[in-house]
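Colleague: below are the sequence and a predicted model for it; my questions follow.
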Amino acid sequence: AAVMILIISAGVFALSLFTGETRNGDNLQSEFDYLITVGISQNGEDSSWKEANTASFMDTFVKANGYEAVYADAGIDQEQQIEDVEDFIEQGVDYIILNPVSEIGWDDVLEDAKKAHIPVILVNNSVDTDDSSLYSCVLGSDYQKQMKNAGKWLNEYLKEQEEKKAEEEKVAAETLVQEEAEQRDSEEAGDSADNSEALDNKATDNSKAAEGKTTDSFKSSDSVKSDSSDGSTSILDKIMKGSSSVKDETDSTDETQTEEDSTIKIAAIQEFIGSEEQLTRAQGYQTMLEKYSDWEMVAQQTGDNSREEAQKVMKLFLKQEPDLRVVFAESDEMALGAIDAIGKSGKTCGEDGDIIVISFGGSKAGIEAVKEGKLNVTFECNPNQGPKAAELIQRLESDISIDKEQYVEETYFDGTMDLDEIIENRTY
């Protein structure tokens, strides 16, 4: 009987490991004692980036990982999004992940979540509130770091371009000198042949007179040597004068080059004006201009995160600033619009192009444009935030404090990289 009781007890224990429930009492099959319910409030899936962002959360918060996800998409309707969050609170979810459609108007519903002891993790955008205790943290891209890295990348690229240009000019100058030397050698060879033929004719005609005038013949030889020496001196003078002339022209060009000629003119096609991303990037541009004194921001305008609108903006930039050297596009879609406008204007962009195009996004379309040589570089805005959000939840579950600002790992892609495998595996 004792053995039977032990067997039954062991069976009940084993069953308890695979029969879980949520904290609100719903029975669910799981290898965990209970499932952590996570309410996910998205603000639209109007792009492949948003779709990938949502997929990252839904793929992470699954029963196999110890979670149950409750999902709601309010589009761009803030009132609907507030209602969605209130529904999460009423359902008694354990955590809320909120991608707010706007920065303002969240105090009341976040206060309700706080009273219900439901931590809120904001993603991609923060909220404007005087009470930061209403949310646990903000998770997203580190826009400041992206801007710092973009400035560093551009500075190094410009240096490489200058070195490449100087090397090309040096090779061209050496080639020109070589061609001129070969031409002079050819001319001298022709002159020598002509002189030799003339001397031979003269020697034949005067052969009889030369027999009795040996002394005069020696004088004639000295005269020939003198003429040859004078000719060599004349050619050397010509070379030196030519070299001096080239140097004078170069010095003259350097003297007439103005400070404006050396200024790197920059324009920015911005995200929605007033968004956290746009405001942070604006600060990043200012930091760049302070660090690199020969850079100048000559134009900024929103492209409404649209390829078509960005094309119109870029067309306007090119008309206003014909000497534009660099354009920052705050999304890959807007970068593609800018590239369209540059191509239609007759100018070139990308590697060795007239205009350097720098983008933020790291999407499949953006990386393909880098591979094609149209886009110089794209800095990744990583939508795969699910694993990081789960990590933060586990820390909160263990009563471990977390920083208010949390970031996902990100990189950049330029033409120096092997991009084929990256493009093949890109989901957005």
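Modeller: Yep, it's here. Every value quoted in this text rests on a predicted model; they were computed, and no experiment measured them.

Colleague: now stretch 364-381 - C-alpha only, PDB.
Modeller: Only the C-alpha atoms of stretch 364-381 are listed here, as PDB (Å, rounded to 0.1, in the frame of the first residue of the first chain):
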ATOM      1  CA  LYS A 364      15.700  44.200 -46.600                       C
ATOM      2  CA  ALA A 365      14.900  46.800 -49.300                       C
ATOM      3  CA  GLY A 366      17.500  49.200 -47.700                       C
ATOM      4  CA  ILE A 367      20.200  46.600 -47.600                       C
ATOM      5  CA  GLU A 368      19.500  45.600 -51.200                       C
ATOM      6  CA  ALA A 369      19.900  49.200 -52.200                       C
ATOM      7  CA  VAL A 370      23.300  49.200 -50.400                       C
ATOM      8  CA  LYS A 371      24.300  46.100 -52.400                       C
ATOM      9  CA  GLU A 372      23.300  47.700 -55.600                       C
ATOM     10  CA  GLY A 373      25.500  50.700 -54.900                       C
ATOM     11  CA  LYS A 374      22.700  53.200 -54.700                       C
ATOM     12  CA  LEU A 375      22.600  53.600 -50.900                       C
ATOM     13  CA  ASN A 376      25.900  54.200 -49.000                       C
ATOM     14  CA  VAL A 377      24.800  52.800 -45.600                       C
ATOM     15  CA  THR A 378      21.800  51.900 -43.600                       C
ATOM     16  CA  PHE A 379      21.800  51.900 -39.800                       C
ATOM     17  CA  GLU A 380      19.600  49.200 -38.300                       C
ATOM     18  CA  CYS A 381      16.500  49.900 -36.200                       C
END
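
Colleague: give me the contact list for it.
Modeller: Stretch 364-381 has contacts (Cβ atoms under 8 Å, 6 or more residues apart in numbering) with 48-49, 141, 146, 149-150, 153, 157, 332-333, 335-336, 339, 349-351, 356-363, 410-415, 419-420, 422-423, 426-428. The C-beta positions use only the backbone N, C-alpha and C, and glycine is treated the same way.

Colleague: buried ones among those residues?
Modeller: 48-49, 141, 146, 149-150, 153, 157, 332-333, 335-336, 339, 349-351, 356-363, 410, 412-414, 419, 422, 426, 428 (16 or more other Cβ atoms under 10 Å).

Colleague: just checking, which of these belong to helices?
Modeller: Per DSSP state H, helices hold the following members of those: 48-49, 146, 149-150, 153, 157, 332-333, 335-336, 339, 422.

Colleague: could these go into TSV alongside pLDDT and distance to residue 374?
Modeller: Converted to TSV, those look like this (pLDDT from 0 to 100; distance: Cβ to Cβ, whole Å):
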residue	pLDDT	distance to residue 374
48	82	19
49	86	20
146	97	21
149	97	21
150	98	18
153	98	17
157	97	15
332	95	11
333	94	14
335	98	9
336	97	8
339	98	5
422	94	17
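
Colleague: report pLDDT for residue 99.
Modeller: In this prediction, residue 99 carries a pLDDT score of 96.

Colleague: now do the phi/psi pair for it.
Modeller: Here is the backbone geometry of residue 99 (degrees, to the nearest 10): phi -100, psi 90.

Colleague: likewise residue 37?
Modeller: According to degrees, to the nearest 10, residue 37 has phi -90, psi 130.

Colleague: what is it paired to in the beta sheet?
Modeller: Beta-bridge pairing of residue 37 under DSSP bridges involves residue 68.
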